[in-house]
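Colleague: I'd like to go over a predicted model; first the sequence, then the structure.
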Amino acid sequence: MAQYQSFPDASGDSRTLEKLKALKLPDLAGRSFLDVGCNEGFFCGFAKFAGASRSVGLDRSAAFLARARHRFPDCEFHLRDWSELPEGPFDVVLLASALHYAEDQAALLHRLAGALTEDGVLILELGIASSPRAEWVKVKRGIDERYFPSMAQLTQTLAGYAWKWMGPSVDQAGDPVPRHVIHVSRRRPIAYLLMQPPGYGKSSIASNLFLPAKVPVVSGDGVIQRIAKGQLNASPRLKKLVARDYSPFTIDKTIQRVFDEKAGPDLVRLWHAENGRGDFALDGFVPLKYHEQVKEQFLLADYMPVVLQWERLTPSMAPMAGMDEYAESFNQSILEVDGYGRIPAASKKMSPPAGYVDEVQAHAGRVILRGWAVDENGDIPAQLVVGIGAERNFVDLGEPVERKDVQRHLKLAHARLGYVIDFPVPGINSLAELGKKGLSLSTPSGRPLRLAQRVIKSMVSVAEPTKPE
Ligand SMILES: C[S@@+](CC[C@H](N)C(=O)[O-])C[C@H]1O[C@@H](n2cnc3c(N)ncnc32)[C@H](O)[C@@H]1O
């Protein structure tokens, strides 16, 4: 019997050591390994050497297997046809220089992929014929005639998997077909997550990009609406949170509350239940601080989450968050007429705020404020004055946070305008307590910063006594 694999003590037709290097095997320590068409067991021996917990070889040649058992007694060898695989699953399955011997090559590939663990990888070392068409190309070799897939054919056959070309393999004497190494793994359905705030163009992207590509789109707002109308089987706490003050115009606030009150996972479950199984795009606002949590949940649900993020190009809504106050001020200014019935110049226009407080948190004796501020020179001030009740604190601002939305809105040369203030306020343990005392911010020169409406509401709504049910 001819020698195929090469060992230091036996030179064969195949350059086995070079092939091993070309395979680019993953870390095998603690993993289970199966070599299909293992021949004299070189790769099984390597797997054991690399710390594999189980190293199994399969071949239909009794003579090759006898030698394999002799060389590598720690490995497990099965004398059988590859139509019947040893009990798995396996973390790594190898099929090297053997696919062309299968009668139904596609069926063998699917069978091997089916023997993988959830995160397992199938290592294929195979000849790929040169043809632009998707076909199995008949190739005359020194010893026989065999069919080899073209790249287009392989792409078609492996369409349901995630796979990657890893590089060329070693040439085989007498075989004109160039050999390649491909790693194949199970393909999880992809969840394209468009979670940016309202007004970012999520729905336009969904309908211009995903729908034409036949990727179904789940509407986050649509799901909330159907929960509100009792058309979806939502958890009782989710139903209650949505029903509290549902309005189709303030769904983002409802979603914020759902996540703040820890019912986000219930909502995410409904989002992927909507889709069934398979790729889909989510067009649904999720507050930034919960993006990671949503991504994790999709990973655990066996999806590959792809988070899409982009910048809003139209002016940001953030500086307009005080629009209600502007409107009130304008209304008030109408009464402030001079003796001739004219509005005094100073009342005609509110001076723009020196910045905003976009987010506030208060717990365990600390207050955290996020927002932006700008001084007369267009820079972030070095300090802000934070008023809590009657007390005034001068707080140093650390490294500025980039706020491109503010930069665009104010047409400034730079975006280093954001701040995060985290400072101790003994006795303040909740937004309700902070709301009762009162919060104000200004620059050291006395120009006030405005509290965004949602900040005011967050302190007021939690400060209001809750009615007994
Ligand atoms: C060209 S050798 C490759 C050996 C090894 N995989 C390598 O690359 O060094 C092909 C191997 O596949 C085995 N083989 C061919 N058809 C098979 C089948 N239907 N079931 C199991 N083994 C098979 C042969 O006995 C032979 O050992």
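Modeller: Right, received. Where do you want to start?
Colleague: can you tell me which residues contact residue 88?
Modeller: 32, 34, 115-117 (CB atoms under 8 Å, 6 or more residues apart in numbering). Using the backbone N, CA and C atoms, a C-beta is placed for each residue, glycine as well.
Colleague: now swap in residue 158 and tell me
Modeller: Contacts of residue 158 by CB under 8 Å, 6+ apart are 109, 182, 184.
Colleague: now residue 196
Modeller: Residue 196 neighbours (CB under 8 Å, 6+ apart): 202, 285, 309-310, 312.
Colleague: follow-up on the earlier one: which pair in the contacts of residue 88 spans the largest distance?
Modeller: Maximum pairwise distance among the contacts of residue 88 (CB to CB): 10.9 Å, between 34 and 117.
Colleague: ok, these two, which is more surrounded?
Modeller: Neighbour totals were compared for residue 34 and residue 117, and residue 34 leads with 30 against 15 (other CB atoms under 10 Å).
Colleague: which residues does the residue lying closest to residue 129 once chain neighbours are set aside form a beta bridge with?
Modeller: Using CB to CB, 6 or more residues apart in numbering and skipping the chain neighbours, the partner closest in space to residue 129 is residue 137 (3.6 Å). On the basis of DSSP bridges, residue 137 is bridged to residue 148.
Colleague: dump the residue contacts of residue 137.
Modeller: 129-131, 147-150.
Colleague: Kindly recompute the last result at 6 Å.
Modeller: 129, 131, 148, 150 (CB atoms under 6 Å, 6 or more residues apart in numbering).
Colleague: Mind putting those residues into a markdown table with pLDDT?
Modeller: Below are these laid out as a markdown table (pLDDT from 0 to 100):
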| residue | pLDDT |
| --- | --- |
| 129 | 95 |
| 131 | 93 |
| 148 | 97 |
| 150 | 97 |
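Colleague: of all those residues, which two lie farthest apart?
Modeller: So, these by CB to CB: farthest apart are 131 and 148, at 9.3 Å.
Colleague: and those two? which has more neighbours close in?
Modeller: Shown here are residue 131 and residue 148; by other CB under 10 Å, residue 148 has more neighbours (26 against 15).
Colleague: Thought residue 55 was touching residue 38, still the case?
Modeller: No. With contact defined as CB atoms under 6 Å, residue 38 does not reach residue 55; the gap is 9.6 Å.
Colleague: Quick check: phi and psi on the closest residue to the ligand within the stretch 351-469 of the chain?
Modeller: In the stretch 351-469 of the chain, the residue that lies nearest the ligand is residue 402 (53.3 Å; CB to the nearest ligand atom). Note on residue 402: backbone dihedrals following degrees, to the nearest 10 are phi -70, psi 130.
Colleague: so it sits right up against residue 415, yeah?
Modeller: Yes. Using CB under 6 Å, residue 402 is in contact with residue 415, at 4.6 Å.
Colleague: Who has more neighbours out of the two?
Modeller: residue 415 (17 against 12).
Colleague: helix, strand or coil for the spatially closest residue to the more buried one that is not a sequence neighbour?
Modeller: Closest residue in space to residue 415, ignoring its immediate chain neighbours: residue 407 at 3.9 Å, by CB to CB, 6+ apart. Here residue 407 is helix, with the state taken from DSSP: H, G, I helix; E, B strand; the rest coil.
Colleague: confidence score at residue 407?
Modeller: As predicted, residue 407 sits at a pLDDT of 88.
Colleague: Residue 272 now?
Modeller: Per-residue confidence (pLDDT) for residue 272: 84.
Colleague: a strand runs through it, doesn't it?
Modeller: No. Read with three-state DSSP, residue 272 is helix and lies in no strand.
Colleague: Look up the pLDDT of the residue in the chain positioned nearest to the ligand for me, please.
Modeller: Using CB to the nearest ligand atom, the closest approach of the chain to the ligand is made by residue 37 at 2.9 Å. The model reports residue 37 with a pLDDT of 98.
Colleague: Next, count neighbours for it.
Modeller: Per other CB under 10 Å, the neighbour tally for residue 37 reads 20.
Colleague: Make 24 the starting number, not 1.
Modeller: In the new count, where the first residue is 24, that last one comes out as residue 60.
Colleague: Quick check: it touching residue 121?
Modeller: Yes. Between residue 60 and residue 121 there is a contact at 3.5 Å, judged by CB under 6 Å.
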